[in-house]
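In: 3D, please:
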Amino acid sequence: MQITQGMEYFFSGFKLISQKGLKRFVLIPLLINILLFGSSLFFLFGWLSDGFSYINSMLPEWLSWLEWLMWPIAVLVVLFSYSMIFTVITNFIAAPFNGLLSEKVELYLTGQKINDDGFKEIVKDVPRMLGREWTKLCYYLPRAIGFFILLWILPVIGQVLWVLFTCWMYAVQYKDFAFDNHKIGFKQMKDDLKSKQGLSYGFGFAVMLLTAIPFINLIVMPVAVCGATRLWVDNYRPKYRAN
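Out: Next comes the predicted model:
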């Protein structure tokens with residue numbers, strides 16, 4: 001079943017990040033994720049705490065128990081909604097390093113270089129990588145706004161649509177690094193992902209679940225890049241190597 005396979009590809013990333021020759025390329029994306037994601041969650045929960053204290057001070061004493069009800073709801077919304085938004089921002093910053101990690105994982109898995117570019121050529125490629133992230137951001141934001149509105153106004157259906165959209169965006173975000181390394185256009189990448197939607201939704205669902213788990217979410221980014229690259233090698237790469 002494609003959904004199960006997609007989840008398995010993500011979890012295979014845990015093994016890949018510990019492989020000799022890949023560890024040093026994992027380090028920078030890992031540090032970026034820990035620094036930005038960890039510190040932002042710290043400030044966000046501090047803001048939530050202050051906000052709830054203010055709300056609680058405005059409530060009559062007999063309704064003070066509502067704070068205990070609001071906290072778990074707020075935490076769930078933050079973990080499943082904020083994590084996706086922040087992932088897009090973090091990957092924008094870490095794009096050159098994630099692209100390099102994906103390239104090295106593909107080399108590790110296939111024994112074949114994508115190209116023979118040196119360090120100077122990699123630096124020249126940074127604007128193109130950032131441009132690709134900007135394309136993904138422009139693709140994500142208007143859809144995120146629309147689905148986020150539906151999340152609040154359509155009971156059950158809105159929540160299901162939001163989860164499906166989040167899974168899809170995680171797949172787009174992390175699978176795209178391998179496609180971009182091969183200079184495959186964004187539209188073509190989306191068409192390829194749609195041709196095997198089960199893999200995409202399964203992979204994205206696994207990313208979403210672990211991104212919502214404190215501390216584990218700090219290492220999700222490099223794990224997802226590695227797992228997505230393995231998925232690319234097994235399912236999409238043969239099509240382009242044959243051309």
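
In: ok, the residue minimising distance to the centre of the chain - contacts?
Out: Nearest residue to the geometric centre of the chain (C-alpha atoms, centre = their mean): residue 170, 4.3 Å. For residue 170, the contact set (C-beta atoms under 8 Å, 6 or more residues apart in numbering) comprises 84, 87, 203, 204, 207, 208, 211, 224. From N, CA and C alone the C-beta is placed, and that goes for glycine too.

In: Ok, residue 152 next?
Out: Contacts for residue 152 (C-beta under 8 Å, 6+ apart) come out as residue 158.

In: Model confidence for it, exactly?
Out: Here, the pLDDT recorded for residue 152 equals 77.

In: what separates it from residue 217, distance-wise?
Out: Look at residue 152 and residue 217: by C-beta to C-beta, to the nearest Å, they are 24 Å apart.

In: looking at the chain, which helix or strand does the model trust least?
Out: Here the helix or strand of the chain ranked lowest by mean pLDDT, DSSP states H and E is helix 66-77, holding a mean of 62.

In: how far away is residue 9 from residue 99?
Out: 19 Å.

In: hang on, isn't residue 5 packed against residue 201?
Out: No - with contact defined as C-beta atoms under 8 Å, residue 5 does not count as touching residue 201 (11.0 Å).

In: more crowded one of these two?
Out: residue 201 (21 against 16; other C-beta atoms under 10 Å).

In: Does that one touch residue 169 like I think?
Out: No - using C-beta under 8 Å, residue 201 is not in contact with residue 169; the gap is 10.9 Å.

In: Would you mind listing the residues in contact with residue 12?
Out: Remark: with contacts taken as C-beta under 8 Å, 6+ apart, residue 12 is in contact with 226, 227, 230.

In: Please identify the helix or strand for the first one.
Out: Think residue 226. helix 220-235 (DSSP states H and E).

In: Other residues contacting that helix?
Out: Under C-beta under 8 Å, 6+ apart, the answer for helix 220-235 is 6, 9-14, 16-17, 22, 26, 29-30, 32-33, 87, 90-91, 94, 98, 101-102, 105-106, 109-110, 170-171, 173-175, 177-179, 196, 199, 203, 207, 210-211.

In: ok so, going back, so what secondary structure elements neighbour the following helix or strand past the least confident helix or strand of the chain?
Out: Later in the chain than helix 66-77, the nearest helix or strand by DSSP H and E is helix 83-110. Here helix 83-110 touches helix 23-33, helix 119-153, helix 157-181, helix 197-211, helix 220-235, going by 3 or more C-beta pairs under 8 Å, 6 or more residues apart in numbering; DSSP states H and E.
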